[in-house]
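Student: model this:
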Amino acid sequence: MLQVPFIRQNKELVLERLALKQFKELGLVDEVLALDDKRKQLTLAYDDSQAKIRTLSEEIGKLMKGGQKEEAEQRKAAVADLKLQQGPINEQLNETEKLLHDTLTKLPNLPAAAVPAGKTPEENVEVRAGGNKPNLAADAVPHWDLAKKYDLIDFELGNKITGSGFPVYKNKGAKLQRALIHYFLDYNTNNGYTEYQPPHLVNADSAYGTGQLPDKEGQMYFVGEDKLYLIPTAEVPVTNIYRDEILKDTDLPIKMTAYTPCFRREAGSYGKDVRGLNRVHQFDKVEVVQLVHPDQSYTVLEEMVAHVEGLIQSLQLPYRILRLCGGDMGFTSALTYDFEVYSAAQQKWLEVSSVSNFEAYQANRMKIRFKDSGGKPQLVHTLNGSSLALPRILACLLENNQAADGIHIPPVLQAYFGAGKIS
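Tutor: Numbers count the residues shown, from 1 in each chain. This next block holds a predicted model:
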């Protein structure tokens, strides 16, 4: 959530950056400032009334001690009148504060200066690429055919048990999933991240804190009776670990990683782009999250990008890194890098990770603060990234490593998988 003082002091900049993000409801900025003005006026009126009540109360005490009961009763009547007047003022103040808060939540985070202009994914900027695209045999097939041939994933069974988009991994497919999760977590913990096993359901406060509510409510599964949400990413429970806490500056950075299943409704998904593992409603993902000093967040962002890049390189997959343009960014992000790996059998790039800096946007919602060297509380900056999302990684591993004698496993995974290939 943006901070009102910043909006007030930088209104033109705010409007300019929101326009870069292709945000259409720019009038909300004026609404926020008008509501804040009204809040200040009501607060001043309430505080003025309180000051008069305190003054009169002191006078009442003195008059009573001096035996001036009639004058004291007059003061008491004046206090009673002021308290009656306070009721409507307080009610208006509470309503205004709520409306101000609700209006602020409709404003997305501002894109950073490094965010390129653009409206569509085609206008994202490639930062760098690596790895080599494999030269597959003429009879190479996509991962959904490989999954059936080697009995790795049963899409029809998932449809029977739950519905489309809920694959069932089996045999060596399940084992490869487990190997990837184990390897990804080891890779992260060996680089200073503390591992967590968080809940897979969160309350509305947690979903609000990271920006899933109210922006992405339609994309989450809701357990109505218990008023809980199935998590769309481990980012939600992990970042909320420090909600409403004040840290020491020496505690930073805080580096966390977690494996969870993730649940996304993906409403409106259809067609060839959702075949197999390309887009599913339940999938496994390992996440990295950092809470950092504001002065360090963009340095840390580049470190996290390099961290994920090293992981993809270790899997020997061809990849590219894109800096997202304003129109393709998420609601809460200030700067996002997407990682895509090349699916050789499908001959297309598939997104496998996003690494983002949210600056103070999430921290302001969750009230995650730290005391600086002068003892003044400040909001931390939050960052996260996929390290990695498994479905498309698995799809590309199967497709890119298929050969006449089976599917070859990258060397870095062989100890985790227990074999060099699937045959």
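
Student: Let's verify Tyr183: helix, strand, or coil?
Tutor: Following DSSP: H, G, I helix; E, B strand; the rest coil, we place Tyr183 in the helix state.

Student: quick check: mean pLDDT across the helix ranked longest in the chain?
Tutor: Determined from DSSP state H, the single longest helix within the chain is helix 27-65. For helix 27-65, the mean per-residue pLDDT is 94.

Student: list the helices and strands the helix or strand following it packs on?
Tutor: Scanning forward in sequence from helix 27-65 by DSSP states H and E, the next helix or strand is helix 69-104. Counting contacts by 3 or more C-beta pairs under 8 Å, 6 or more residues apart in numbering; DSSP states H and E, helix 69-104 is packed against helix 27-65. For glycine as for every other residue, the C-beta is placed from the backbone atoms N, C-alpha and C.

Student: For the helix it packs on, which residues meet the burial criterion?
Tutor: 29, 31-32, 35-36, 38-39, 42, 45-46, 49, 53, 56, 59-60, 63 (16 or more other C-beta atoms under 10 Å).

Student: Strands along the stretch 201-350 of the chain, start to end?
Tutor: 201-202, 222-223, 228-230, 246-248, 254-263, 282-292, 319-323, 335-343, 348-357 (DSSP state E, counting those that start in this stretch).

Student: packing partners for the longest helix of the chain?
Tutor: helix 4-9, helix 11-20, helix 69-104.

Student: what about the strands of the stretch 201-350 of the chain, which gets the closest to Lys83?
Tutor: strand 246-248 (35.0 Å; C-beta to C-beta).

Student: Run a quick neighbour tally on the residue nearest to Leu317 when sequence neighbours are not counted.
Tutor: Closest residue to Leu317 apart from its sequence neighbours, by C-beta to C-beta, 6 or more residues apart in numbering: Val341 at 4.6 Å. Neighbourhood size, Val341 [other C-beta atoms under 10 Å]: 24.

Student: My guess is Val341 contacts Ile393. True?
Tutor: Yes: with contact defined as C-beta atoms under 8 Å, Val341 counts as touching Ile393 (6.8 Å).

Student: any shared contact partners between these two?
Tutor: Here Val341 and Ile393 have Leu317, Val352 as joint contacts, going by C-beta atoms under 8 Å, 6 or more residues apart in numbering.

Student: who's sitting farthest from the centroid in the chain?
Tutor: Gly67 (65.7 Å; C-alpha atoms, centre = their mean).

Student: where does the chain dip in pLDDT?
Tutor: Applying pLDDT under 70 to the chain flags the ranges 267-273.

Student: Please list all residues in contact with the residue positioned nearest the centre of it.
Tutor: Nearest residue to the geometric centre of the chain (C-alpha atoms, centre = their mean): Thr210, 4.9 Å. Thr210 makes contact with Glu235, Val236, Thr239, Asn240, Thr332, Gln362, Arg365, Met366 under the criterion C-beta under 8 Å, 6+ apart.

Student: can you put those in CSV and add distance to Ala138 and neighbour count?
Tutor: Conversion of the contacts of Thr210 to CSV gives the following (distance: C-beta to C-beta, whole Å; neighbours: other C-beta atoms under 10 Å):
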residue, distance to Ala138, neighbour count
Glu235, 42, 30
Val236, 45, 29
Thr239, 47, 29
Asn240, 50, 23
Thr332, 45, 22
Gln362, 49, 28
Arg365, 53, 24
Met366, 53, 25
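
Student: out of these, which one sits closest to Ala19?
Tutor: Here the nearest of the contacts of Thr210 to Ala19, counting by C-beta to C-beta, is Thr332; it sits at 17.8 Å.

Student: Not counting sequence-adjacent ones, nearest residue to that closest one?
Tutor: Gly211 (3.6 Å).

Student: got the contact list for the one you found?
Tutor: Gly330, Phe331, Thr332, Phe358, Tyr361, Gln362, Arg365.

Student: just checking, the second one touches Asp215?
Tutor: What that stands for is Phe331. Yes: under the criterion of C-beta under 8 Å, Phe331 makes contact with Asp215 at 4.4 Å.

Student: list residues touching both of the two?
Tutor: Pro108.

Student: coming back round to it: I'd like the strands of the stretch 201-350 of the chain written out as JSON lines, with distance to Leu13 added.
Tutor: Formatted as JSON lines, those follow (distance: least, C-beta to C-beta, whole Å):
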{"stretch": "strand 201-202", "distance to Leu13": "33"}
{"stretch": "strand 222-223", "distance to Leu13": "37"}
{"stretch": "strand 228-230", "distance to Leu13": "34"}
{"stretch": "strand 246-248", "distance to Leu13": "29"}
{"stretch": "strand 254-263", "distance to Leu13": "30"}
{"stretch": "strand 282-292", "distance to Leu13": "23"}
{"stretch": "strand 319-323", "distance to Leu13": "21"}
{"stretch": "strand 335-343", "distance to Leu13": "16"}
{"stretch": "strand 348-357", "distance to Leu13": "18"}
